[in-house]
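In: model this:
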Amino acid sequence: MNGEARVVDPAQGPAGVALAPVLYDPRSRVDSIVDLIGNTPLVRLRAIEVDCPGVELWAKCEFANPGGSVKDRAALRIVLDARARGDLPEGVRLIDSTSGNTGIAYSMVGAALGVPITLVMPENVSAPRKQVTRAYGTELIFSDPMEGSDGAIVHARRIVEEHPNRYYYPNQYANDSNWLAHYDTTAPEIWAQTHGRVTHFVAGIGTSGTIMGTSRRLHELGRVRCVAVQPDDAMHGLEGLKHIPSSLVPPIYDERVIDETLWMPTEEGWDMAERLARDEALFVGHSAGANVAAALRIGKQLAAAGHSGVVVTVLCDRGDRYFAPLRWEQHYVW
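Out: Predicted coordinates:
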């Protein structure tokens, strides 16, 4: 070294070797965590689509939202719209029923925007969901585990009737902001990410916001066949999905919006979730597994008929959200 300061071109390595220019994602600097909601990546499922030659399978990585699930979109839109209408003034708590993901999304959005949150959920929801929502400062009220998500809805309504001035009840199952979030964001993103090539869209029914909003907009944008996924039995194990024939039907659900419904056994959804982790390195929940299993069914049908296609589905959340506590995480009284 000759003692002179050396200026290194950021586009070159230490030896002057040219490197790719450093690119900065404008979303890497935001004013609030909620600004990171949406614009999630689309990933091609190359290992899965081997089973349907000539058909492309793509998955929208909704677990990349800051709250970890597709429900971030609806929760943010519900809160912002309620504030704009004056339904959620300072000091009023937002209360809603949830089986988990929407509750985490509400909790994250509430903490970011200064909105107090109360959630009613079945007592048997997974421990990580309870822990995460509490970490955001959310108040939890548990409903009868044997009554499922429908029981949580009824319990939340009862609480609001008893304390009408304390709570704002958006009712995600009946709230147009739920599906509008996907109409305005999810569908246009899919259309742009596939360059308008998407032929099929597949999503499970929970509150039905994702399938309703995305399908409405995709039908307007092009000739896209939109397929809903439901568990094939009332006593299913696909957490977050609804078996409509045996459930309270969400008021925002409109069967006319979808082109087809596929009925999914619990085992098929669980098996696909395991396959996604093993073959695609995507560790996702069982509802995401059910979505991909349905997308693969469609892909196989197209391939068998000699047709090509671009099938897009949704990876709703991460698989770690379903872990039970390990022994060393349990609290003991000696």
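
In: residue 120 in helix, strand or coil?
Out: In the three-state summary, residue 120 is assigned as strand, counting by DSSP: H, G, I helix; E, B strand; the rest coil.

In: next, work out how far apart the closest residue to residue 208 other than its chain neighbours and residue 94 are.
Out: Distance criterion Cβ to Cβ, 6 or more residues apart in numbering; nearest residue to residue 208, sequence neighbours excluded, is residue 253 at 4.0 Å. Placement of C-beta: from N, CA and C, glycine included. For residue 253, the distance to residue 94 (Cβ to Cβ, to the nearest Å) stands at 22 Å.

In: ok, those two, which is more surrounded?
Out: When residue 253 and residue 94 are compared on other Cβ atoms under 10 Å, the one with more neighbours turns out to be residue 94, at 23 against 20.

In: what about the more buried one, is that helix, strand or coil?
Out: Residue 94 ends up strand, using three-state DSSP.

In: show me what contacts it?
Out: 79, 82, 88, 106, 110, 115-118, 167-170 (Cβ atoms under 8 Å, 6 or more residues apart in numbering).

In: give the buried residues for the lengthiest helix in the chain.
Out: Once the chain is assigned using DSSP state H, the helix that runs over the most residues is helix 286-304. Buried residues in helix 286-304, counted by 16 or more other Cβ atoms under 10 Å: 286-299, 302-303.

In: so, low pLDDT: which residues of the stretch 101-250 of the chain?
Out: In the predicted model of the stretch 101-250 of the chain, no residue satisfies pLDDT under 70.

In: where do the strands of it begin and end?
Out: 117-122, 139-143, 167-168, 200-204, 225-231 (DSSP state E, counting those that start in this stretch).

In: a markdown table for the ones you listed, including mean neighbour count?
Out: Shown next, in a markdown table, are the strands of the stretch 101-250 of the chain (neighbours: other Cβ atoms under 10 Å):
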| stretch | mean neighbour count |
| --- | --- |
| strand 117-122 | 24 |
| strand 139-143 | 17 |
| strand 167-168 | 18 |
| strand 200-204 | 29 |
| strand 225-231 | 23 |
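
In: point out the one among these that comes closest to residue 267.
Out: strand 225-231 (11.1 Å; Cβ to Cβ).

In: in its sheet, what does that closest one sit against?
Out: With DSSP bridges as the test, strand 225-231 is paired with strand 200-204 (parallel), strand 260-264 (parallel).

In: all set now, cheers.
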